[in-house]
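K.L.:
Sharing a model prediction with you, sequence too.
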Amino acid sequence: MFRFEHPEHLYALLAIPLLVLFFTASRLHRRRALTRFGDLQLMEQIAPDMSKYKHTLKFVLLVIGMAILVIAWANPQWGSKKETVTRKGIDLFIALDISQSMLAEDISPSRLERAKRFSQNLVEGLKGENIGVILFACNAYLQVPLTVDYSFADLFLRTANPGMAPSQGTSLAEAIQLAQESFPEENERNKALVIISDGEEHDGAAAVVASEANDNGLTIFTIGIGNPEGSFIPTKVAGRQDYKRDNAGNPIRSRLNEDALKSVAEAGNGLYFNLAGRDQQIISALRERIDQIEKQEFEQQSFTDYASYFQIFIALGLALLIIEFIISYRKSRYLADKDIFA
């Protein structure tokens, strides 16, 4: 299995587009300066040994060499020893509401962004469990099956948005039903579901489905996001900022429906929390309650030893930088009459 020991160092690669922009701007500035000084063809006759292409060649070598050194800095590794480890935990799904009402900004910067941030912290706080991700609006969609690859789950939570749901609306019942279907058949008691939503459901069937799910061994927790006073739902119309409107043209105010979320948690023998800047307290309370659920043993194959290969990238990166340094700006006498880019 391939990984970077320090993936955060890869952010340094973002400097490369800036270098390209700087190089392009400097080349244009140099060309304009030469044009003001005199005719370009005359300038080429004055400096016949100056290469047209080596500026670009040297810059490409410099950029590639720097990029490879950044990769070396992140330390690419390959798993060299795989072992089967027996662990204890439960199966748990995080169901995130991605309906358009989650774009309301009564919680800064928006309900959805705040919920995504909490979901990522929740994955971090529940490491050790089998975690999956469900996204839902009018319908529910399994995005990440139960896994201990927490970075994979984090990726889908980070990129969640209403555009991933073909039909809009909010159906808590759909999320609960899909979670039930996605647990292993042999797991009858070691499972839980955490729903993060503003609770604006329209079918009213969630509590009934939650009760049935609890009878099948599923414990359901709900996290409310938003304010009871509510807020308008921002949208763009013809490229300008507006709000989602009803058939009469009036802005639609979306409100947190705590009653619906509380009833689902009660029917699912779980707990309800209001997400109001209390991430760690909520995660700690969830952790404590989840630890009370009977654990199951499961085997997991994972790499325990990794071999580092940063030396190869350092050598390659330094070699390119040395070649760039050695290459002069003068034309090669072997290629003087040839256009190597033709």
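P.N.:
The structure has been received and is ready for your questions. Residues are numbered from 1 along each chain as shown.
K.L.:
going forward, measure contacts and count neighbours with C-alpha atoms only.
P.N.:
Fine.
K.L.:
and after the worst-scoring helix or strand of the chain on mean pLDDT, which helix or strand comes next?
P.N.:
Lowest by mean pLDDT, DSSP states H and E among the helices and strands of the chain is helix 40-46, with a mean of 57. Beyond helix 40-46 in the direction of the C-terminus, DSSP states H and E gives the next helix or strand as helix 54-74.
K.L.:
what's the spacing between the top helix by length along the chain and its chain's center?
P.N.:
Among the elements of type helix in the chain, defined by DSSP state H, the one spanning the most residues is helix 15-37. When distances are taken as C-alpha atoms, centre = their mean, to the nearest Å, helix 15-37 is centred 35 Å away from the chain's centroid.
K.L.:
what mean pLDDT would you report for that helix?
P.N.:
Regarding helix 15-37, the rounded mean pLDDT is 82.
K.L.:
again, but for stretch 132-139
P.N.:
What stretch 132-139 shows for mean pLDDT is 94.
K.L.:
got a list of contacts for that stretch?
P.N.:
Stretch 132-139 is touched from outside by 92-99, 140-147, 153, 156-157, 160, 165, 167-172, 174-175, 179, with contacts defined as C-alpha atoms under 8 Å, 6 or more residues apart in numbering.
K.L.:
same thing with stretch 62-82?
P.N.:
Contacting residues not belonging to stretch 62-82 are listed as 1-10, 12-13, 16, 19, 301-314, 316-321, 324 [C-alpha under 8 Å, 6+ apart].
K.L.:
quick one: the helices in the stretch 151-300 of the chain?
P.N.:
Using DSSP state H, counting those that start in this stretch, the helices of the stretch 151-300 of the chain run over residues 172-182, 206-215, 258-267, 279-290.
K.L.:
where along the stretch 151-300 of the chain do the strands fall?
P.N.:
Secondary structure of the stretch 151-300 of the chain, counting by DSSP state E, counting those that start in this stretch: strands at 191-197, 218-224, 231-232, 234-237, 240-243, 253-254, 272-274, 296-308.
K.L.:
For Ser308, give me its contacts.
P.N.:
Residues touching Ser308, when contacts are defined by C-alpha under 8 Å, 6+ apart, comprise Asn75, Pro76, Gln77, Trp78.
K.L.:
which non-adjacent residue is nearest the second one?
P.N.:
Counting by C-alpha to C-alpha, 6 or more residues apart in numbering, Phe4 is the residue found nearest to Pro76 once chain neighbours are left out, at 4.5 Å.
K.L.:
quick revisit: tabulate the helices of the stretch 151-300 of the chain (TSV), appending mean pLDDT and distance to Pro234.
P.N.:
Supplementary listing: the helices of the stretch 151-300 of the chain in TSV, determined by pLDDT from 0 to 100; distance: least, C-alpha to C-alpha, whole Å:
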stretch	mean pLDDT	distance to Pro234
helix 172-182	95	23
helix 206-215	95	27
helix 258-267	95	22
helix 279-290	93	25
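K.L.:
Relative to Glu229, which of those is closest?
P.N.:
helix 258-267 (11.6 Å; C-alpha to C-alpha).
K.L.:
That closest one relative to helix 206-215, how many degrees between them?
P.N.:
Using axes from the mean of the first three to the mean of the last three C-alpha atoms, to 10 degrees, the direction of helix 258-267 lies 20 degrees away from that of helix 206-215.
K.L.:
Report all helices and strands that helix 258-267 contacts.
P.N.:
Packed against helix 258-267 by the contact rule (3 or more C-alpha pairs under 8 Å, 6 or more residues apart in numbering; DSSP states H and E) you find helix 206-215, strand 218-224, strand 272-274.
K.L.:
From the rest of the structure, what touches it?
P.N.:
When contacts are defined by C-alpha under 8 Å, 6+ apart, helix 258-267 is touched by residues 198-201, 204, 206-208, 210-211, 214, 220-224, 228, 271-272.
K.L.:
which among these end up buried?
P.N.:
Buried members of those, scored by 16 or more other C-alpha atoms under 10 Å, are 198-201, 206-207, 210-211, 214, 220-224, 271-272.
K.L.:
low-scoring stretches of the stretch 201-342 of the chain, by residue?
P.N.:
Judged against pLDDT under 70, the low-scoring parts of the stretch 201-342 of the chain cover residues 202-203, 298-305, 329-342.
K.L.:
Which pLDDT value goes with Tyr56?
P.N.:
Slight slip there: residue 56 is Thr, not Tyr. As predicted, Thr56 sits at a pLDDT of 85.
K.L.:
now Ala47
P.N.:
The predicted local confidence for Ala47 comes out at a pLDDT of 55.
K.L.:
ok, now the one 3 residues further on?
P.N.:
Predicted confidence (pLDDT) for Met50: 57.
K.L.:
What of Gly79?
P.N.:
67.
K.L.:
What of the one 10 residues further on?
P.N.:
pLDDT for Gly89: 80.
K.L.:
so how many other residues sit close to it?
P.N.:
Using other C-alpha atoms under 10 Å, Gly89 is surrounded by 21 other residues.
K.L.:
now do the one 10 residues further on
P.N.:
The local packing count at Ser99 equals 26, with neighbours defined by other C-alpha under 10 Å.
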